[in-house]
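Enquirer: Next one to model:
(one chain, ligands or ions: 1)
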Amino acid sequence: MFPVFLILLPFFITTIVLLISWRKAKDISIMIWRSYFNLGRLPGPKAYPIIGSVWQFKFNSAGGLYKYLWQQKMRELKLAVLTALQAWLGPLPVVAIVKPEYCKQVLESNTLITKAAQYDKLSEWIGTGLLTSTNEKWYGRRKMLTPAFHFNVLKGYGEIFVKQAQIMMEQMDGHADTGREVDLFPFVKRCALDIICDTAMATQINSQIGKNSEYVNAVVRISDMLFQYERSPWLWLKPIWYGCGLGFEFDRLVKMTTDFTRRVIAERRDNLVEEGAMEDTGDLTKKKMAFLDLMLITQEKNKLGDEDIREEVDTFMFEGHDTTSSGMGWTIWLLGQHPEYQALVHAEMDEVFGGDDREPSENDLKKCVYLEKCIKESLRLCPPVPIIARRLTHDLILDDHIIPKDITILLVPMGTHRDPEEWERPTVFYPNHFDAEAVAKRHPFAYFPFSAGPRNCIGQKFALAEEKTVLSYFFRKYRVESVQPLPGNRFVPELILKPEEGVKCHLYKRVRAK
Ligand code: HEM
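Expert: Okay, the predicted model is just below:
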């Protein structure tokens, strides 16, 4: 009996693998077939077999999708408002939706919560943590991690925001009043990275003062490679991905960063044990602790393995620093092009803080109302997460279009945020878009930089508090003039939206009203 079983085992496994691949292949073929018949009435770029529409997109990423979708195509089709588009990424169809009502249908759904295959490569780094998991795993993790973003816990992070903002000011100081331009983006990025390492892992990597550059560079390079992979269908073939060396580089960097996280987790556990702080004493929202501490303390109760914790920490590392640095970078850049709005921010800073360099209290930050409008307006024009992708787990009816099950649907905040039916000045920086009366008149899904519905960004309050704290220091101290406005400095729609040429500015110290 035993040897027969052993002989049959490989056949059994092969059959299962073939069946799974066959079922997957069958589902994909049905979806492609149905897409040919159902998507024809949606506008979109011309597609050819195998290569699809990618030949239309320039391969320097700055030229890509946005330029095509929202400028060229709208002009060609004489469309005032774009509602939805179809395109073919290689042999696979995607539908991009823009109309707020369509976005509502997807984002509010409790069933359309499955991330698209486009996140699979990212999962090789961050695993299937909160961002990439689905169904039961996602529900469990969301419930477990929500207390880490409780108002009381966020208050504790204020100290870290302040400490890192002060270091950023020191680092920038030598670049003010020099008559030379300076790219402020790397400063903001390192500040955001140090903040997330300290809050997520209780670890100071001190990238602002030039430490741990190997880890920092690896995180940056992985993000670049992920975007290169997504927009180049030929790289999806393993022989090409590895043949051109990218695959090996990617695997090496992923191993390096995940090993770093594993080391941090082990050291942190030892510290907590030493401090006698591993006890789960009930209401954890009353304590000030890093996300990692929360997971370690509740590890047994939540049945988490070390690798489960590792993937959540790396998820925060990915989602929690590139996004906020992009948000702060764009806000500085946009205010640097609009001295009239920057003067209003300065007036607010002087009113709230006088000539003081003090740490902003909760109340101070509440009073920075105009600064908040500018941050929100920057997130409108330049949303750090430029594309949100879902795999449809059932057919979706959008007006009279049937979007077939299994297709990838893309929500594109940059398009929705410029809908001329919703925004008074769709393509220009205009902080008054966030006046209370204007907000009340708008469709609730005309603005979703943090996504919306059940899979919204768990870190949005964290992000806004961080941005307000850091920028309140920046605008108390400096006036800024951007060197390159659009179109010279274009959007790079990587996984996170970045300015192609950085945030090049002239920086001036301010004389503050007391
Ligand atoms: C300006 C800053 C930020 C923006 C614009 C932003 C935007 C977003 C968006 C659009 C999503 C949905 C992504 C998708 O469905 O594919 C998301 C999800 C997420 N964000 Fe953020 N984010 C920001 C900051 C942060 C921070 C600071 C953290 C953590 C500290 C964070 C953690 C997460 C996590 C864990 C998810 C997955 C949530 C889930 O699926 O349940 N984000 N974010």
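
Enquirer: does any part of stretch 329-347 sit near the ligand?
Expert: No: Stretch 329-347 does not reach the ligand (Cβ under 6 Å from any ligand atom); its nearest approach is 9.6 Å. Just so you know, the C-beta spots here come from the backbone N, C-alpha and C atoms, and that holds for glycine as well.

Enquirer: buried set for that stretch?
Expert: 329-338, 341-342, 344-346 (16 or more other Cβ atoms under 10 Å).

Enquirer: just stretch 360-368 next, same as before
Expert: Buried residues in stretch 360-368 (16+ other Cβ under 10 Å): 360, 364-365, 367-368.

Enquirer: can you check stretch 395-404 too?
Expert: Neighbour-count burial for stretch 395-404, with 16+ other Cβ under 10 Å as criterion, is recorded at 396, 398, 401, 403-404.

Enquirer: any idea how far the ligand is from the closest residue to residue 331 other than its chain neighbours?
Expert: Closest residue to residue 331 apart from its sequence neighbours, by Cβ to Cβ, 6 or more residues apart in numbering: residue 378 at 4.1 Å. Distance of residue 378 to the ligand, computed by Cβ to the nearest ligand atom, to the nearest Å: 9 Å.

Enquirer: Just the strands from the stretch 151-300 of the chain, written as ranges.
Expert: Assigned by DSSP state E, counting those that start in this stretch, the strands in the stretch 151-300 of the chain fall at 182-183.

Enquirer: which intervals of it have sub-threshold pLDDT?
Expert: 280-288 (pLDDT under 70).

Enquirer: chain center to stretch 120-140, what's the gap?
Expert: 15 Å (Cα atoms, centre = their mean, to the nearest Å).

Enquirer: Pull the residues that contact it.
Expert: Here stretch 120-140 makes contact (Cβ atoms under 8 Å, 6 or more residues apart in numbering) with 113-115, 119, 141-142, 145, 222, 226, 229-230, 250, 254, 257-258, 302, 307, 310-312, 314-315, 317-319, 455, 458, 495.

Enquirer: if we go to 6 Å?
Expert: 114-115, 119, 141, 222, 226, 229, 254, 311-312, 314-315, 318-319 (Cβ atoms under 6 Å, 6 or more residues apart in numbering).

Enquirer: What is the three-state secondary structure of residue 94?
Expert: strand (DSSP: H, G, I helix; E, B strand; the rest coil).

Enquirer: Report how many residues lie close to it.
Expert: Residue 94: 22 surrounding residues under other Cβ atoms under 10 Å.

Enquirer: Same question for residue 381.
Expert: By other Cβ under 10 Å, 21 other residues sit near residue 381.

Enquirer: ok, now which ones touch it?
Expert: Here residue 381 is in contact with no residue (Cβ under 6 Å, 6+ apart).

Enquirer: now swap in the one 10 residues further on and tell me
Expert: Residue 391 is in contact with 114, 116, 408, counting by Cβ under 6 Å, 6+ apart.

Enquirer: hmm, try it at 7 Å
Expert: By Cβ atoms under 7 Å, 6 or more residues apart in numbering, the contact list for residue 391 reads 114-117, 406, 408.

Enquirer: Any stretches of the stretch 351-500 of the chain with poor pLDDT?
Expert: Using pLDDT under 70, the stretch 351-500 of the chain drops low at 486-490, 492-494.

Enquirer: Quick one: name the residues of the stretch 401-514 of the chain near the ligand.
Expert: Selection of the stretch 401-514 of the chain residues close to the ligand by Cβ under 6 Å from any ligand atom yields 449-451, 455, 457-459, 462-463.

Enquirer: same deal with the stretch 251-400 of the chain?
Expert: 315-316, 319-320, 323-324, 327, 384-385, 388.
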